[in-house]
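J.: okay, predicted coordinates and the sequence, questions at the end:
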Amino acid sequence: MQLDRNEYPRRRQQLMANMTANSVAIIPSAPVTVRNRDVEHPYRQDSDFYYLTGFAEPHALLLLIPGRAEGECIVFCQDKNKEQEIWTGRRLGPEAAPAVLACDEAFSINDVDELVPTLLAGRERIYTHMGLHADFDRQVMHWLNAVKAQVRLGVQAPYELHALDHLLHEQRLLKSPAEIAVMQRAADISAEAHTRAMQTVKPGMHEYQLEAEMTRIFMSAGSRWPAYPSIVGAGENACILHYTENNAVIQDGDLILIDAGCELDYYAADITRTFPANGRFSEPQKALYQLVLDAQYAALEQVKPGNRWQQPHDAAVRVLVRGLLQLGLLQGEEDALIEQQAYRQFYMHKTGHWLGMDVHDVGDYRQDGEWRRFEAGMVLTVEPGLYVAPDDDSVDPQWRGIGIRIEDDVVVTEQGHHVLTHGVVKTIAEIEALMR
């Protein structure tokens, strides 16, 4: 499933409309990274670069120059090279790039040091990413200094460097209907994988065998890879928030926490489900699980236009604290415990994050010092949890070593919200029935 190619020029025009007059934006492709010795990691394009181009090759550069008579969109890319393409794959090449990428001009990446300074000359402001890649920062300064060297000849050099992040990331935060359609498909594939994990698990398996089954579902449905390293934590491992070893043997009586989602056409899904290895929750597991589920329902009620980012978290925290008091894991007065953040002994993360091309997607959480308001088109996760450390001797032994998180992907709509990941069950009765 891929976006219509017309989506990319529209995005570029939207970005240029928000740039100041007489400016230029410079966006690099992601660098190639080495895994070990002469083996590279599978290449994944930079999200900002792909968002604006739909171009997946490395060693590329995008310049946007609003108002330029000769063309506003310029791409630098690798030359065609028959011998190299035999070894490393096909290249688009500068000759084909204008038609395929709907850009105005394309040049060889080998010519950037010669041509980019001429494109910067006469511009007042440069928008670019700063501080992400030291090599690219040095290259931008090299280009800028090349223009400055011609000032005595009457060439005007840019006098302001401006971070591109805010303009572009605020644009990326609001998803188009086409983007939401891709994210829905990614969510559906990921939901199918979680369902399959519940159906196939049995005590004695290794965690990585469940991971392998989920990856099989991802790839057989058209996703090339997971959106992030999958977390498959059985028993006490579920209390490690970013556990990725996935090499333990699943024991009878374990709860299994799986946090996994596929990436589809550069868009991420992110689902967490927690379920019993033997198909039946114990009473302590059931009590904590229902508390987390109730907290999630309370948080979801707060996801609607006009509400602020923090409201789902606050709603979840109140439900969790009230339940922890009733179960005896916390002692004290509800409001005081919330104010003191005493719940962080068992719930140490926020209730969600933005979701999109990056699993922890871009966009500010605050505006003018206040938590920002939800708008239609925003996509976020809602993921409360409880984690009782196995060595926490401040609580009754029946609770120790239980880790639970329930996470769904949610799009804000004009009417309220829609749960993209509704395709995988999450109530106790539904889980136990499915696993039977």
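T.: Right, received. Where do you want to start? Numbers count the residues shown, from 1 in each chain.
J.: tell me the SS of the closest residue to H166 other than its chain neighbours?
T.: Spatially, and ignoring its direct neighbours in sequence, H166 is nearest to D364 (7.5 Å; C-beta to C-beta, 6 or more residues apart in numbering). The way it works is simple: take the backbone N, C-alpha and C, and place the C-beta from them, glycine included. Under the three-state scheme (DSSP: H, G, I helix; E, B strand; the rest coil), D364 adopts coil.
J.: how about S394, what does it touch?
T.: Q345 (C-beta atoms under 8 Å, 6 or more residues apart in numbering).
J.: quick one: P284 and R400 touch, right?
T.: No. Counting by C-beta atoms under 8 Å, P284 sits too far from R400 to count as a contact (9.4 Å).
J.: make sure I have this right: I256 is in a strand.
T.: Yes. According to three-state DSSP, I256 belongs to a strand.
J.: now D259: phi and psi?
T.: phi -120, psi 100 (degrees, to the nearest 10).
J.: quick check: bridge partners of it?
T.: Beta-bridge pairing for D259 (DSSP bridges): I231, T272.
J.: what is the burial count for the closest residue to Q14 other than its chain neighbours?
T.: Counting by C-beta to C-beta, 6+ apart, the nearest residue to Q14 once its immediate chain neighbours are dropped is Q171, at 6.0 Å. Q171 has 17 neighbouring residues, counting by other C-beta atoms under 10 Å.
J.: so how far is the strand or helix carrying Q171 from its chain's centroid?
T.: Using DSSP states H and E, Q171 sits in helix 165-173. Its chain's C-alpha centre and that of helix 165-173 lie 14 Å apart, by C-alpha atoms, centre = their mean, to the nearest Å.
J.: can you pull the contacts of the residue nearest to H166?
T.: D364 neighbours (C-beta under 8 Å, 6+ apart): 166, 169-170, 372.
J.: are any of those residues buried, and if so which?
T.: Neighbour-count burial (16 or more other C-beta atoms under 10 Å) applied to the contacts of D364 gives 169, 372.
J.: tell me the one of the contacts of D364 nearest Y347?
T.: R372 (22.7 Å; C-beta to C-beta).
J.: pretty sure Q285 sits against A277.
T.: No. Using C-beta under 8 Å, Q285 is not in contact with A277; the gap is 10.7 Å.
J.: can you list residues touching both of those two?
T.: With C-beta under 8 Å, 6+ apart as the test, Q285 and A277 both reach L255.
J.: what's the burial count for the closest residue to M205 other than its chain neighbours?
T.: Once flanking residues are discounted, M205 sits nearest to I250: 5.0 Å by C-beta to C-beta, 6+ apart. Residue neighbour count, defined by other C-beta under 10 Å, stands at 22 for I250.
J.: one more: G235?
T.: Other residues near G235 number 21, with proximity taken as other C-beta under 10 Å.
J.: spatially nearest residue to it (excluding sequence neighbours)?
T.: Once flanking residues are discounted, G235 sits nearest to D254: 4.1 Å by C-beta to C-beta, 6+ apart.
J.: gap between that neighbour and V232?
T.: Distance of D254 to V232, given as C-beta to C-beta, to the nearest Å: 11 Å.
J.: more neighbours: these two, which one.
T.: Set side by side, D254 and V232 show more neighbours around V232, with 30 against 25, by other C-beta under 10 Å.
J.: list the contacts of that one.
T.: By C-beta under 8 Å, 6+ apart, the residues touching V232 are 207-208, 210-211, 246, 256-258, 260.
J.: and these, which are buried?
T.: Buried members of the contacts of V232, scored by 16+ other C-beta under 10 Å, are 207, 210-211, 246, 256-258, 260.
J.: for the residue most central in space within the chain, helix, strand, or coil?
T.: Closest residue to the average C-alpha location of the chain: V359 at 1.4 Å, with C-alpha atoms, centre = their mean. Of the three states, V359 takes coil under three-state DSSP.
J.: pretty sure it contacts P226?
T.: No. Counting by C-beta under 8 Å, V359 does not reach P226; the two are 9.4 Å apart.
J.: and the strands in the stretch 151-300 of the chain?
T.: 160-163, 225-226, 231-234, 255-260, 262-264, 267-268, 271-276 (DSSP state E, counting those that start in this stretch).
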